[in-house]
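Colleague: I need the structure of the sequence given here:
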Amino acid sequence: MGDAERAAGRAGAQSRIVLLTGGTGFVGSNLARRLLGDGHRVHLLVRPGHAAWRIAGIRRDVTLHTADLADGDGVASVVAGVRPEWVFHLAAYGAYSEQADVAGIFRTNVVGTANLVESCVRLGFEAFVNTGSSSEYGFKDHAPHEDEPLEPNSHYAVSKASATMICRHASAARGAAITTLRLYSVYGPFEEPTRLVPTILVRGFGKTLPPLVDPGTARDFVFVDDVTDAYVRAAERPAGAPGAVFNVGTGVQTHIGDLVELVRAMLEIEEEPRWGSMPGRQWDTRTWVADPTSIRNALGWRATTSLRDGLLATVRWLQGDPEMLGRYRDAVLGTR
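Modeller: Numbers count the residues shown, from 1 in each chain. You can find the predicted model right below:
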């Protein structure tokens, strides 16, 4: 979607009361900014002890409500107080390797999702958009369709598949407009500093490269602005069968080797990659790509940002904010 088209859409949009979980995280903080830009009234349900650095620039524009998602009464109280028209559920635990507490994974992703869905369905809403994960599919040798059997291969993937089933059941059994977006490899501003893309960029500013896994490891990298657009479209026009699920990816597979060469050319890095100097993760594979046909047909959504353009936008964001760049350098280089 172009800037003019998006601006026209915002001008004609009706303001909604929005409840967003995971709003202090990477994708959630970007979605909060998008929703504020569209003129919506944004409430963030945040966990006790949340990190607030991603929302520092919008803190006065949002309303915060603190509750543990696993606390059913606490969640119900927040939902009853906000009475949201749109609900975006992005809170999750276990997506990062350091988040290894199995009980915590299921407590947040399964119990927390069930509590939020139940509280929202009880009061009613216009749209509820749940966040799924491409990891629900497990290893595939092709771009999986949303209706294919799930074969999750980690505790996190099992928990996300369970959350998707909770949403699909509630939608079918109770007639609620709940959609799940299965995200692929999202990148862009405010990503966790130690993830692959920000680590390569920060190291690249110093003309070096970090330790790297097998260059044949595959990803479907999708820029965060495209992803937030998918959330908004899913809320604006809920579509498909009850509990519809949509893949959110570009449909273009990129191997880590190609990503590194793109960054090397972009930042003029002469250092050669040290492939295999970092151990791979249990879910790494040489085939990982979305089939975005369903979301294109149902919601008219497609990723419009090329990997090169998305990386350049992330570079400009980092270099345009010295304080933020310092935060990322401290995290990546261990200078603090």
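Colleague: now do the contacts for the closest residue to E126 other than its chain neighbours.
Modeller: Leaving out its chain neighbours, the residue that sits closest to E126 by C-beta to C-beta, 6 or more residues apart in numbering is E85, at 4.6 Å. The C-beta positions use only the backbone N, C-alpha and C, and glycine is treated the same way. E85 sits next to R16, I17, V18, F125, E126, A127 when contact means C-beta atoms under 8 Å, 6 or more residues apart in numbering.
Colleague: quick check: the farthest pair among the residues you listed?
Modeller: Farthest-apart pair in those is I17 and A127; separation 11.7 Å (C-beta to C-beta).
Colleague: any residues in contact with both of the two?
Modeller: E85, W86.
Colleague: for the two, indicate the residue with more neighbours.
Modeller: Between I17 and A127, counted using other C-beta atoms under 10 Å, A127 has the larger neighbour count: 22 against 17.
Colleague: neighbours of the nearest residue to that one once chain neighbours are set aside, how many?
Modeller: With C-beta to C-beta, 6+ apart as the criterion, A127 has its nearest non-adjacent residue at 4.1 Å, and that residue is A235. Neighbour count of A235, defined by other C-beta under 10 Å: 23.
Colleague: in a helix, A235, correct?
Modeller: Yes. Under DSSP: H, G, I helix; E, B strand; the rest coil, A235 sits within a helix.
Colleague: backbone dihedrals for S185, please?
Modeller: S185 adopts backbone torsions of phi -90, psi 90, taken as degrees, to the nearest 10.
Colleague: please parse this structure into its domains.
Modeller: Domain ranges of the chain: 3-184+223-248, 187-219+254-287+306-333, per automatic domain parsing.
Colleague: tell me the first helix or strand C-terminal of the longest helix along the chain.
Modeller: As assigned by DSSP state H, the longest helix anywhere in the chain is helix 155-174. Once the chain leaves helix 155-174, the next helix or strand it forms, by DSSP states H and E, is strand 178-183.
Colleague: and that following strand, C-alpha only, in PDB?
Modeller: The C-alpha atoms that make up strand 178-183 are tabulated as PDB, following Å, rounded to 0.1, in the frame of the first residue of the first chain:
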ATOM      1  CA  ILE A 178     -11.400 -14.000  15.600                       C
ATOM      2  CA  THR A 179      -8.600 -14.100  13.100                       C
ATOM      3  CA  THR A 180      -5.100 -15.500  13.500                       C
ATOM      4  CA  LEU A 181      -2.100 -14.200  11.600                       C
ATOM      5  CA  ARG A 182       0.800 -16.700  11.400                       C
ATOM      6  CA  LEU A 183       3.900 -14.400  11.200                       C
END
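Colleague: can you tell me the strand partners of that strand and which way each runs?
Modeller: strand 127-133 (parallel), strand 245-248 (parallel) (DSSP bridges).
Colleague: how close does the residue nearest to E126 sit to L150?
Modeller: Separation of E85 from L150 (C-beta to C-beta, to the nearest Å): 30 Å.
Colleague: same check on P48?
Modeller: Counting by C-beta to C-beta, the separation of P48 from L150 is 32 Å.
Colleague: neighbour count for those two, which is higher?
Modeller: Using other C-beta under 10 Å as the criterion, P48 and L150 rank with L150 on top: 17 against 9.
Colleague: picking up where we left off before, so which of the strands paired with strand 178-183 gets nearest R302?
Modeller: strand 245-248 (10.1 Å).
Colleague: chain center to the helix or strand following the closest one, what's the gap?
Modeller: Once the chain leaves strand 245-248, the next helix or strand it forms, by DSSP H and E, is strand 254-255. Centre-to-centre, strand 254-255 and its host chain are 19 Å apart (C-alpha atoms, centre = their mean, to the nearest Å).
Colleague: buried residues, whichever helix or strand comes after strand 254-255. List them.
Modeller: Sequence-wise, the next helix or strand downstream of strand 254-255 (DSSP H and E) is helix 256-267. For helix 256-267, the neighbour count (16 or more other C-beta atoms under 10 Å) marks I256, G257, L259, V260, V263, R264, L267 as buried.
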